[in-house]
Structures are given as structure tokens and as C-alpha cells.
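Q: Build the 3D model from these lines:
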Amino acid sequence: MKKDVILLALVAGLLSLPGRLDAREPDPPFPPFSMPPGAGLPYPGGPSAPATGEWDRAPARRSPEQLFRDAIASIGKIVIDPGHGGYDPGIEGEKELTLTLAQKLEALYVGEGVKVVLTRTSNRYVSLTERLETVRREQPDFFLSLHVARDRFTVHGVSSRAAHLESTRIRNRITAGLGQAFGSDKVYDRQLPFYLTREVAVPGIVLEVPSDMNFLDDETRTSLFKILTFSFIDHEGKGRLPTPD
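A: You can find the predicted model right below:
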């Protein structure tokens with residue numbers, strides 16, 4: 001009799017098992033592919049919409065030309081020194097080319113709100129003392145002196161104690177940029193103690209450009225100007241490079 005009762009109980013339990021499985025809570029669904037990054041899984045109700053509704057919108061990116069304009073605008077004030085002039089011609093065509101480059105760079109910078117001062121604006125002789133006095137009077141953020149060499153770029157940084165560190169950083173960036181853009185064989189990596197690099201007390205360089213390159217060509221000249229501009233500013237887009245503690 002007892003065996004019959006136990007057998008009936010087991011049969012009744014097995015018969016009721018499928019109903020219990022059917023009544024079980026279903027597994028939550030897999031996260032939908034449209035879920036925004038970083039969102040939680042708020043089950044059982046499903047993912048909620050992000051507060052802004054714009055999580056999948058790509059951030060606005062500045063174009064290379066806008067980045068260039070922003071870099072120019074951050075310079076602030078610069079003295080550009082076209083080498084030679086008047087009865088001091090330099091090498092063949094040097095006094096003309098340095099003035100042309102200076103004036104074209106001035107026009108580009110002034111268009112973006114930079115204060116530019118040229119040490120000469122015409123074919124006239126200006127002594128080194130006069131050039132230095134212009135820098136001392138204007139107190140610019142940067143100083144750029146332009147010259148011409150035979151067949152390679154050469155970059156000389158200001159070596160005065162007040163500006164040596166920032167000038168070295170600027171020089172290194174320009175040297176690297178010129179090598180990438182025009183080839184390392186077009187860059188002569190040397191440093192000479194010119195009068196202006198010794199005496200100028202603001203960050204700057206004396207740049208010699210090769211006479212065998214056509215800087216009247218817009219593309220070549222623009223490449224040079226971009227390298228100079230991005231080398232003046234730091235990685236955060238500030239005009240003055242930081243001085244370490």
C-alpha cells in the first residue's frame with residue numbers, strides 16, 4: 001500500500017514539472033547593437049535612451065587649414081628680420097628673397113590677427129644693432145631672421161640665457177619638420193653663434209633657406225610657413241612654450 005502511494009506521488013510530481021519550467025522567468029535579451037557606449041544594462045525593462053540623444057554623433061573636427069589658422073592666431077606678436085638689404089646683398093638674390101618671404105609671411109599672419117613687425121620693409125641697409133633694437137623695443141613673443149644658404153636649410157636658435165630653452169625646442173621642431181617635408185639631405189644640422197642669436201632675449205631662430213629651391217612657388221612656401229608656425233606653438237596650441245619648474 002505504501003509503495004503505491006509513493007509511486008503516485010512521483011508520477012504527480014513529474015507531470016507538474018513542465019508547467020513549472022514554462023512558468024520560469026525568461027533570460028534577459030542580449031544588449032542591442034544600438035546601445036550607446038558605456039551605458040548599463042537596465043533589465044528587465046531594456047536599455048534606456050541616453051539623456052542627450054546624441055551619443056552616436058561624431059565630434060566636430062577642425063580641418064587642417066583651420067588648425068593652421070588657429071596656430072597662427074596663437075602666436076601673438078613676432079618680429080621678422082629679412083636679412084641683408086641695400087648695399088649688403090648677401091649671396092645672389094638673398095636680399096630680395098628674404099624680403100619677399102618676410103612680406104608674404106607678414107600678410108598671412110596679419111590676416112589672422114598677429115602683430116608683425118619687420119626690421120626692414122624695402123631694399124635698404126639695416127645694421128645688426130638696429131635690428132636688435134627693434135626686437136628690444138617691440139618685445140615680441142618670437143623672433144625670426146631669414147637668410148639664404150647655398151643648397152640646404154640651416155636653423156640657428158637664439159642662445160641667450162633668457163630664451164635658450166624655448167629657442168632650442170623651436171629649432172628642433174623646425175629641423176625635424178624640414179627634414180620630413182623636404183628630405184633630411186636638405187637640412188644641415190649645425191648651430192652657429194651669430195650676433196643676433198647671442199643678443200636677442202626672446203625665443204627665436206635664424207633660418208637659412210636653400211637658394212636652389214623655388215620659394216616663389218605657393219605650395220613650397222606654404223609648406224615652409226606651416227613648419228615654422230607649428231614649431232612656434234606648443235602641443236596645446238599656446239604661443240609661449242612652457243618653462244619647466
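Q: The protein: strands as residue ranges?
A: For the chain, applying DSSP state E gives strands covering 77-82, 115-118, 142-149, 154-157, 204-210.
Q: any chance of those strands in a markdown table, plus mean neighbour count and distance to residue 70?
A: To be clear about C-beta, it is placed using only N, CA and C from the backbone, and glycine gets the same treatment. Putting those into a markdown table (neighbours: other Cβ atoms under 10 Å; distance: least, Cβ to Cβ, whole Å) gives the following:
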| stretch | mean neighbour count | distance to residue 70 |
| --- | --- | --- |
| strand 77-82 | 24 | 16 |
| strand 115-118 | 17 | 17 |
| strand 142-149 | 23 | 16 |
| strand 154-157 | 22 | 24 |
| strand 204-210 | 24 | 21 |
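Q: nearest to residue 130, of those strands?
A: strand 77-82 (10.2 Å; Cβ to Cβ).
Q: what lines up beside the closest one in the sheet?
A: Its sheet considered, strand 77-82 pairs with strand 115-118 (parallel), strand 142-149 (parallel) by DSSP bridges.
Q: so residue 170 touches residue 205, yeah?
A: Yes: the pair residue 170 / residue 205 is scored as a contact, 6.0 Å apart, by Cβ atoms under 8 Å.
Q: export the strands of the chain to CSV and tack on mean pLDDT?
A: CSV is the format used below for the strands of the chain (pLDDT from 0 to 100):
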stretch, mean pLDDT
strand 77-82, 98
strand 115-118, 98
strand 142-149, 97
strand 154-157, 96
strand 204-210, 97
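Q: Okay, now the unreliable bits of the protein?
A: Residues of the chain that meet the criterion pLDDT under 70 lie in 1-60, 235-245.
Q: what do you get if the cut-off is 80, keeping everything else the same?
A: For the chain, applying pLDDT under 80 flags the ranges 1-62, 234-245.
Q: quick one: the helices in it?
A: Under the criterion DSSP state H, the chain contains helices at 2-22, 64-73, 94-110, 128-138, 164-182, 195-199, 218-232.
Q: Just send those helices back as JSON lines, with mean neighbour count too.
A: Output for those, formatted as JSON lines (neighbours: other Cβ atoms under 10 Å):
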{"stretch": "helix 2-22", "mean neighbour count": "9"}
{"stretch": "helix 64-73", "mean neighbour count": "15"}
{"stretch": "helix 94-110", "mean neighbour count": "19"}
{"stretch": "helix 128-138", "mean neighbour count": "15"}
{"stretch": "helix 164-182", "mean neighbour count": "19"}
{"stretch": "helix 195-199", "mean neighbour count": "17"}
{"stretch": "helix 218-232", "mean neighbour count": "18"}
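Q: Let me know which of those is the nearest to residue 83.
A: Across these, the minimum distance to residue 83, taken as Cβ to Cβ, is reached by helix 94-110, at 4.7 Å.
Q: quick one: the closest residue to residue 106 other than its chain neighbours from residue 110, how far?
A: The shortest distance from residue 106 to any non-neighbouring residue, by Cβ to Cβ, 6 or more residues apart in numbering, is to residue 116 (4.5 Å). To residue 110, residue 116 is 6 Å away according to Cβ to Cβ, to the nearest Å.
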